[in-house]
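1. When you get a sec, could you give me coordinates for this:
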Amino acid sequence: MSAEGLTNFVNTTVKYGGLINKFKKEPEEVARGHDLTAEELAAASSGDEAALVSAGVPEALATRWVRLLSQ
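-> Sure, this is the predicted structure:
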């Protein structure tokens, strides 16, 4: 998956909040279902905005993701 794929995953998850809860409980399963690589899963799971941005996710979207992940 490309940086665009990770961005699409994060964007979809931010828009449809239910997926974030599933991701918190079963990140590997959600990652498989969305074809995330191990590196992308690590960036998404880290809760680190800088890791997401360096993986190609726009900063504003990364900020929203981190905020949702920490709730």
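2. quick one: low-confidence parts of this structure?
-> By pLDDT under 70, the low-scoring segments of the chain are 1-3.
3. And the helix or strand where residue 14 lies, what does it pack against?
-> Element membership of residue 14, judged by DSSP states H and E, is helix 3-15. Secondary-structure packing of helix 3-15 (3 or more Cβ pairs under 8 Å, 6 or more residues apart in numbering; DSSP states H and E): helix 18-25, helix 38-46, helix 59-70. Quick note: C-beta positions are derived from backbone N, CA and C, even for glycine.
4. Using PDB, write out every CA atom in the longest one.
-> Pointing back at helix 59-70 there. What follows is helix 59-70 as a C-alpha-only set of coordinates in PDB (Å, rounded to 0.1, in the frame of the first residue of the first chain):
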ATOM      1  CA  GLU A  59      -0.700  16.800   9.100                       C
ATOM      2  CA  ALA A  60      -4.300  17.900   9.800                       C
ATOM      3  CA  LEU A  61      -5.500  14.400   9.200                       C
ATOM      4  CA  ALA A  62      -2.800  12.900  11.300                       C
ATOM      5  CA  THR A  63      -3.700  15.300  14.200                       C
ATOM      6  CA  ARG A  64      -7.400  14.100  14.000                       C
ATOM      7  CA  TRP A  65      -6.300  10.500  13.900                       C
ATOM      8  CA  VAL A  66      -4.100  10.800  17.000                       C
ATOM      9  CA  ARG A  67      -6.800  12.700  18.900                       C
ATOM     10  CA  LEU A  68      -9.400   9.900  18.100                       C
ATOM     11  CA  LEU A  69      -6.900   7.100  18.900                       C
ATOM     12  CA  SER A  70      -6.300   8.600  22.300                       C
END
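5. coming back round to it: Serialize the helices and strands packed on helix 3-15 to TSV and add fields for distance to residue 10 and mean neighbour count.
-> Shown next, in TSV, are the helices and strands packed on helix 3-15 (distance: least, Cβ to Cβ, whole Å; neighbours: other Cβ atoms under 10 Å):
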stretch	distance to residue 10	mean neighbour count
helix 18-25	10	14
helix 38-46	7	18
helix 59-70	5	16
